[in-house]
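K.L.:
Curious how this folds, go ahead:
(4 chains)
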Protein chains: 2
Amino acid sequence: MTTDLQLKQEGLIKDARKLVESYPRVPITVDCVIFGFDENELKVLLIRSDLELFKDKWSLLGDFADDNEILDDSAYRVLRERTGMDDVYLEQVKTFSKPNRHPGGRVLTVAYCSLLNIEHHQLKKMDNELHWHSVKTIKDMAFDHHEILNECYAWLQKRIQEHPLGFNLLPEKFSLRELQNLYEAILDRKMDRRNFRKKFFAMDFLIDTGLYEDDVPHRPGKLYQFDFKKYGDTKKKWSGIDF
Amino acid sequence: MTTDLQLKQEGLIKDARKLVESYPRVPITVDCVIFGFDENELKVLLIRSDLELFKDKWSLLGDFADDNEILDDSAYRVLRERTGMDDVYLEQVKTFSKPNRHPGGRVLTVAYCSLLNIEHHQLKKMDNELHWHSVKTIKDMAFDHHEILNECYAWLQKRIQEHPLGFNLLPEKFSLRELQNLYEAILDRKMDRRNFRKKFFAMDFLIDTGLYEDDVPHRPGKLYQFDFKKYGDTKKKWSGIDF
DNA sequence: ATTTCAAAGTGTTATTTGTACACAATGCTG
DNA sequence: CAGCATTGTGTACAAATAACACTTTGAAAT
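P.N.:
Have a look, this model is predicted:
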């Protein structure tokens, strides 16, 4: 049964469609800034540009958005396809729209920031086009990807002081030294060991596993886990890392 | 003179263009969440939806992006066209991409947050389609605009504690009471008057104009200006409003 | 003129948080 | 079993925050 109202609705939707179709369209990509932590350095996962024009340059992991795909899903898809990992921390950071940022014409890209544990990620798909680069020294990036990286890095520095993101970059069990090394690498400054410990213990989100490091040539440190559940449940304030 | 190298370059660019052209395209809009402050309330400037389908709903100020326009410029254009104002605070907040967020088909929108002084803005263009609404009570918004508003409001709450944005919402000269009312309205909580003053004076960015309020039925307060120059020059830390 | 009112303006104290700093305990190595 | 490197811990001082009350001022009402 088709009522007048339904007919009218359909007409209005057709109008809306006509309006939308009268405007220019732009190809959309997502680019993922995938951070990892290894050898006490913050790393970013890059791929050799697949554009012949940029054949000596490194590129963020990205792809064109599929039709009717919400962009968060596009970004998860890129991660899955490239790293084989599924439950990775991911967050939208910023959209880049300079008309000439892509040599093939206007392409708008939405940058996502992602954090993963390098070791856990088995690199099944780690062909020789993919490499981890030190964030501090990487040069020669394709497109405007260096600008995107810088924005995401700045975003991360700010974000990690407000939320417990860092644990996504560490193994499930970690020592306090590893945790501090991570913070020092990301924030690019030294912190006092005693105050660092005090701060984290005061937050009360670290679970003592009862285990110890076993591959160090000195007194081994305790291993902890981050209590994601408690953090999620209590919504207790993450008191911020300021040092 | 055309060298081989130039020819090759042109070939590569053509390839790149072909690649880009093989992907789907999406219409892009910008939507501006324009905040104002009036009657001790945070307001947002909305327009009656121009879509017949949403004729009883309110819409953010937005427009489709022009060809080859960087989106920041699109947003400034929207502001200029709608409010007649040119030097308005504006910042990109987030991109929204749900495939069904627009009834006329997929439209991606980039949300911008903007702060302006309601009184200063002469509303030359203030036809009766435009209205200031209380952020706390507004309902019946078109598209996913309520979601966008909420994200921008949350963004503002966070941002105003880290940067001196609030002054964009006030007249050039303002009393401390007005400033505090602004913070209380945005952060939605009461603050201690003495500590508030102490904090702002300690930052040392308030210029005493020597003038006083003159339209109040009680002891008039001093009027201050925010020292944008000093703030910009010194990059001195904005110590944050926590109360 | 005097009183009343409402908000401006001001300081102190207690508490919490941040910072600086040093020494004993442990487990591995040779 | 001595030496080494790193873990683990506590205290004192400084700075920031939070709580709190009284005096001053100018306009309005009487």
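K.L.:
any weak-confidence spans in chain A?
P.N.:
For chain A, the stretches flagged by pLDDT under 70 are A:1, A:121-127, A:235-243.
K.L.:
Would you mind giving the domain segments of it?
P.N.:
Per automatic domain parsing, the structural domains of chain A span A:28-159, A:173-234.
K.L.:
For chain B, which of these is the nearest?
P.N.:
Proximity of the domains of chain A to chain B was assessed by C-beta to the nearest C-beta; the nearest stretch is domain A:28-159, lying at 3.3 Å. In this view, the C-beta of every residue, glycine as well, is placed from N, C-alpha and C.
K.L.:
is DNA strand D contacted by that closest one?
P.N.:
No. Domain A:28-159 lies out of reach of DNA strand D by C-beta under 7 Å from any atom of the strand, never closer than 11.5 Å.
K.L.:
Nearest the middle, which residue of chain A would you pick?
P.N.:
Central residue of chain A (C-alpha atoms, centre = their mean): A:Ser114, 1.2 Å from the mean position.
K.L.:
For chain A, just list every one of the helices.
P.N.:
The residue ranges that make up the helices of chain A, judged by DSSP state H, are A:4-21, A:71-83, A:145-159, A:176-187, A:193-203, A:228-234.
K.L.:
Now the fourth one: buried residues?
P.N.:
Using 16 or more other C-beta atoms under 10 Å in any protein chain shown as the burial criterion, the residues of helix A:176-187 that qualify are A:Leu176, A:Glu178, A:Leu179, A:Gln180, A:Asn181, A:Leu182, A:Tyr183, A:Ala185, A:Ile186, A:Leu187.
K.L.:
Format the helices of chain A as TSV; extra columns: distance to chain B.
P.N.:
Formatted as TSV, the helices of chain A follow (distance: least, C-beta to the nearest C-beta, whole Å):
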stretch	distance to chain B
helix A:4-21	3
helix A:71-83	4
helix A:145-159	9
helix A:176-187	16
helix A:193-203	17
helix A:228-234	19
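K.L.:
Comparing those helices, which comes out most buried?
P.N.:
For the helices of chain A, the stretch with the most neighbours on average is helix A:71-83, a mean of 20; neighbours defined as mean count of other C-beta atoms under 10 Å in any protein chain shown.
K.L.:
Okay, A:Asp67 and B:Thr29: tell me how far apart.
P.N.:
Plainly put, A:Asp67 is 18 Å away from B:Thr29 if you go by C-beta to C-beta, to the nearest Å.
K.L.:
Compare these two and say which is more crowded by neighbours.
P.N.:
Summary of the neighbour comparison: A:Asp67 and B:Thr29, criterion other C-beta atoms under 10 Å in any protein chain shown, with B:Thr29 having more neighbours (22 against 11).
K.L.:
Hmm, B:Asp63 and the more buried one touching each other?
P.N.:
Yes. Contact criterion C-beta atoms under 8 Å: B:Thr29 and B:Asp63 qualify, at 6.3 Å.
K.L.:
Number of residues surrounding A:Glu91?
P.N.:
Neighbours of A:Glu91 under the rule other C-beta under 10 Å: 16.
K.L.:
which residues sit in contact with it?
P.N.:
Applying C-beta atoms under 8 Å, 6 or more residues apart in numbering or on different chains, we find A:Glu91 in contact with A:Tyr112, A:Cys113, A:Ser114, A:Arg159.
K.L.:
Can you lay out the residues you listed as TSV showing distance to DNA strand C?
P.N.:
What follows is the contacts of A:Glu91, written out as TSV (distance: C-beta to the nearest atom of the strand, whole Å):
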residue	distance to DNA strand C
A:Tyr112	30
A:Cys113	25
A:Ser114	28
A:Arg159	17
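K.L.:
Looks like A:Ala185 contacts A:Glu41 (just checking).
P.N.:
Yes. Here A:Ala185 reaches A:Glu41: they are 5.9 Å apart, a contact under C-beta under 8 Å.
K.L.:
which residues are in contact with both of the two?
P.N.:
For the pair A:Ala185 and A:Glu41, no residue contacts each of them under the criterion C-beta under 8 Å, 6+ apart.
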